[in-house]
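J.: What follows is a predicted protein model with its sequence.
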Amino acid sequence: MKKIAEVAVPVSLALDETFDYRVPAHCRALLAVGCRVRIPFGRRQLIGYVTAFKNSSRYEKKLKALSDCLDPHGPLLNERLMSLARFLSREYFCSLAQGFETVLPRPLRTSINANIADVPTETTPSTPDPLTKEESAFLKQLDPSKPIYVLEDASRTDRWLAYRAWVKSTLLAGRDALFLVPDVAMIPYATGKLQCGVVPCIISSHEKPDAVRRSWTRAQKGKGALVIGTRSAVFAPFPDPGIIIMEQERHFAYRQQQVPNYHARDVALNLARESGAQLILGSHVPSLEAFGLVRSGQAAPLRFSNKDAPIRLTIVDMHQEFAPRGRSKIISKVLEFRIAEALEKKERLLFFIPQKAFSTYLYCPKCRKPLECERCSSPVSYYRSSKRLVCPSCRQEQEARDICPACLSAYVRYSGFGSEKVESELRRLFPDIRVAQFSKTGRQEEPCDIILATQQIFEELDVPADGFDRIVLVAPDHSLGRPDFRATEDAFARFLTLARMNPKELIVQTRMPEHYIWDYLKKEDVEGFLKREFEERRDLRLPPVTSLGVLTIRAKSEARALGAAQKAWRAVKRSLRGDPHPAEVFEPQPARPFKLRGYFRYQMLIKYTQLEKAGEAIRRIVCQRESGIMAAFDPAINER
């Protein structure tokens, strides 16, 4: 008999527990584990999630009754979704209620009066198209016993035939298919590429609430459903998932920035293992985490070769370029000659610059202090187009200034360069040149000689493979020199993606001409590069060889942040005594940036293979009321 229900309430991480409520008579026949319920919580009416039933409680005389069951036609959370919520709570140190909130789309968890089962569904074609000869031939060459494939598409287009074949074969077998994309702008593109006779369910945080409810209901009730969506679509309520495909699996957007800081790849891997679904990790260049799965024998590699000519790489050593003292050379003499030659031949050039802005670093020559954001400790960048200073961390703007706010000196030096300064320098050297910023004119037909592109070039879906005669890496050292152990891996993936656009020449301006990345780039040796990176990570005990946790402690006061960080560090160190798998815990250090949006921040790194006693200590620390501590984890998926 359903007498008492245990309910998870998404109030605070400090309340990582369930609460007992009496089940009123009118709800007993309707209520099940996974249902949403309306409950009295203090003076408020909140939505909670039923996790279990029991016959008695030590608070039985004081128990309040549930107000209502919001899912009278069946639980909104099926067994698989509840398992994923527990996985999030366990691996990413969030409360169970936060796990439930994460797996549900916002329109479903916030609609207190909506019965999801009553949402009308569309009558859509349910019979997928048969496989073509080409698709059947592709599937025949695969080993059906392999549960995970890591797909590298050097051709930039062939993987879509493979995706379509996998999706069709899964739907024809009566199972469900999930296709994940990193950005909402890719959903229409993927929908067009995956046309197979079945109208897909679109799940994304950018969809309208009614559309999300319809898609969720179709995926929950349907058989042989196709879901296309962004990161959150990994929690689609499939009855029988048969295949999960992650397009551009190395994309940063698959990592959630809020608690819980999960990566969709980790969730997809867990879902595939629990449901027996096949997992496809596709990209232009595989991530080291995906390569680790191949290396450990858990995944099989699959590569579509580049049919174009080998990469012609020209390295320009910027040490050999003369520049006045205190200034940096933007356009080398070699590049200047190549531009003149290209203009004469009416060729098109693409310049890749890591940053926008005109100047990326402003400082006072007298007191040597940089100009920083008013809310952060990040140096501001100057945008000449708007004549504003912009913080790269919080995007707060302020007026451009020529007086140092620290010493009131009447001179501020504008240093560093972004795409705006490169454009200015090109117009100075070649007054008649036609230059356009990719972010402004990437989809227009305006004729131009040079396109200036930042990271946005990698989000463009229809850049023609032969669209540029020459591609220039203006400042690759910025990408290689980031304070991140993944900097070289990310830079190699970006540079190789540009090189595979099939230019006649790839020109690199660098102060590190001896860096090993250029040899691997010239040979297009992805496997060799990933092997070297993997061995370096093994030597340093970094992901994906081991797991890495980061505790970020923040407070409005610097002293309070430091005190809380040291207290947390001592608590974790104490928990390691007698641990059979002791973690390596590093003392708290200032985060980068040290101050962000008005909060001072310290970070504590934890390297581990298994979190046992240390994990319990971390959960206690994170779950303290007003702790100001956030935990982010990068698990070693190849070692699980």
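T.: Cool, got the structure.
J.: show me what contacts the closest residue to Glu524 other than its chain neighbours?
T.: Using Cβ to Cβ, 6 or more residues apart in numbering and skipping the chain neighbours, the partner closest in space to Glu524 is Ile311 (6.0 Å). Just so you know, the C-beta spots here come from the backbone N, C-alpha and C atoms, and that holds for glycine as well. When contacts are counted by Cβ atoms under 8 Å, 6 or more residues apart in numbering, Ile311 is found next to Ala499, Leu506, Leu521, Lys522, Glu524.
J.: Tell me which residues of the longest helix belonging to the chain come out buried.
T.: Under DSSP state H, the helix in the chain containing the largest number of residues is helix 558-575. Of the residues in helix 558-575, those buried under the neighbour-count criterion (16 or more other Cβ atoms under 10 Å) are Ala561, Leu562, Ala564, Ala565, Ala568, Trp569, Val572, Ser575.
J.: Paired strands for the helix or strand that that helix is followed by, with orientation please.
T.: In the C-terminal direction, the helix or strand that comes right after helix 558-575 (DSSP states H and E) is strand 584-585. For strand 584-585, the pairing partners within the sheet under DSSP bridges are strand 599-608 (antiparallel).
J.: on contacts alone, who are the packing partners of the following helix or strand past the partner strand?
T.: On the C-terminal side of strand 599-608, the closest following helix or strand by DSSP H and E is helix 613-622. For helix 613-622, the elements it packs on are strand 547-555, helix 558-575, strand 599-608, strand 629-634, judged by 3 or more Cβ pairs under 8 Å, 6 or more residues apart in numbering; DSSP states H and E.
J.: how much does the longest one deviate in direction from strand 629-634?
T.: Calculated by axes from the mean of the first three to the mean of the last three Cα atoms, to 10 degrees, helix 558-575 forms an angle of 60 degrees with strand 629-634.
J.: just the CA coordinates of helix 558-575, formatted as CSV?
T.: Below are the C-alpha coordinates for helix 558-575, written out as CSV (Å, rounded to 0.1, in the frame of the first residue of the first chain):
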residue,chain,number,x,y,z
GLU,A,558,39.4,37.4,-0.8
ALA,A,559,40.3,36.4,2.8
ARG,A,560,37.0,34.5,3.1
ALA,A,561,37.6,32.6,-0.1
LEU,A,562,41.2,31.7,0.9
GLY,A,563,40.0,30.6,4.4
ALA,A,564,37.3,28.4,2.9
ALA,A,565,39.7,26.9,0.3
GLN,A,566,42.3,26.0,3.0
LYS,A,567,39.6,24.5,5.2
ALA,A,568,38.3,22.4,2.3
TRP,A,569,41.8,21.3,1.4
ARG,A,570,42.5,20.1,5.0
ALA,A,571,39.2,18.2,5.1
VAL,A,572,40.0,16.4,1.9
LYS,A,573,43.5,15.6,3.0
ARG,A,574,42.2,14.1,6.3
SER,A,575,39.8,11.9,4.4
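J.: Let me know the angle separating it from helix 613-622.
T.: Angular relation of helix 558-575 and helix 613-622 on a 0 to 180 degree scale: 150 degrees, by the same axes, to 10 degrees.
J.: repeat for the first one
T.: Inter-element angle recorded for strand 547-555 and helix 613-622: 20 degrees (by the same axes, to 10 degrees).
J.: tell me which residues in strand 547-555 are buried?
T.: Under the neighbour-count criterion of 16+ other Cβ under 10 Å, strand 547-555 has Ser547, Leu548, Gly549, Leu551, Thr552, Ile553, Arg554, Ala555 buried.
J.: sorry, back to before: switch the buried residues of helix 558-575 over to CSV, and while doing so, append pLDDT to every line.
T.: As requested, these are exported to CSV (pLDDT from 0 to 100):
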residue, pLDDT
Ala561, 93
Leu562, 94
Ala564, 91
Ala565, 93
Ala568, 90
Trp569, 92
Val572, 88
Ser575, 85
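J.: quick one: Tyr414 is in a strand?
T.: Yes - when DSSP: H, G, I helix; E, B strand; the rest coil is applied, Tyr414 is found to be in a strand.
J.: And the longest helix of the chain, how far out from the chain middle?
T.: Offset of helix 558-575 from its chain centre (Cα atoms, centre = their mean, to the nearest Å): 29 Å.
J.: Could you list the domains of the chain?
T.: The record's domain parsing of the chain by automatic domain parsing lists 4-116, 133-304, 313-537, 547-639.
J.: roughly how far is the longest one from the heart of the chain?
T.: If you compare the mean C-alpha spot of domain 313-537 with that of the full chain, they lie 23 Å apart, counting by Cα atoms, centre = their mean.
J.: Equivalent analysis for the last one, please.
T.: Taking the mean of its C-alpha atoms, domain 547-639 sits 22 Å from the chain's own mean (Cα atoms, centre = their mean).
J.: And the second one, by the same measure?
T.: Here the centre of mass of C-alpha atoms in domain 133-304, compared against the chain's by Cα atoms, centre = their mean, lies 15 Å away.
J.: Could you work out the end-to-end span of it for me?
T.: End-to-end distance for domain 133-304, by Cα to Cα, to the nearest Å: 18 Å.
J.: Spatially nearest residue to Tyr92, not counting backbone neighbours?
T.: Leaving out its chain neighbours, the residue that sits closest to Tyr92 by Cβ to Cβ, 6+ apart is Pro260, at 3.6 Å.
J.: The one you found and Cys94 touch, don't they?
T.: Yes - look at Pro260 against Cys94 with Cβ atoms under 8 Å: they come within range, at 4.0 Å.
J.: Quick check: neighbours shared by the two?
T.: Counting by Cβ under 8 Å, 6+ apart, the residues touching both Pro260 and Cys94 are Leu88, Thr102.
J.: Could you point out the helix or strand that follows the worst-scoring helix or strand of the chain on mean pLDDT?
T.: Sorted by mean pLDDT, DSSP states H and E, the helices and strands of the chain end with helix 438-441, the least confident at a mean of 57. The C-terminal neighbour of helix 438-441 among helices and strands, as given by DSSP H and E, is strand 450-453.
J.: what comes into contact with that next one?
T.: Contacts with strand 450-453, where a contact means Cβ under 8 Å, 6+ apart, come from 339, 348-353, 419, 422-423, 426, 433-439, 441-442, 468.
J.: Using PyMOL, make a named selection holding only the buried ones among these.
T.: The command below creates a PyMOL selection of those among these that count as buried (16+ other Cβ under 10 Å):
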select buried, resi 339+348+349+350+351+352+353+419+422+423+426+433+435+436+437+438+439+442+468
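J.: In strands, which of the contacts of strand 450-453 fall?
T.: Leu349, Leu350, Phe351, Phe352, Val435, Ala436, Gln437 (DSSP state E).
J.: ok, now which ones touch the second one?
T.: Listed by Cβ under 8 Å, 6+ apart, the contact partners of Leu350 are 438, 450-451, 453, 457, 467-468, 470-472, 498, 501, 503.
J.: And the pLDDT for it?
T.: Confidence at Leu350, expressed as pLDDT, is 94.
J.: Now for the nearest residue to it once chain neighbours are set aside: which residues touch it?
T.: With Cβ to Cβ, 6+ apart as the measure, Phe468 is the residue that lies nearest to Leu350, at 4.2 Å, once sequence neighbours are left out. Listed by Cβ under 8 Å, 6+ apart, the contact set of Phe468 reads Arg348, Leu349, Leu350, Ile451, Met501, Pro503.
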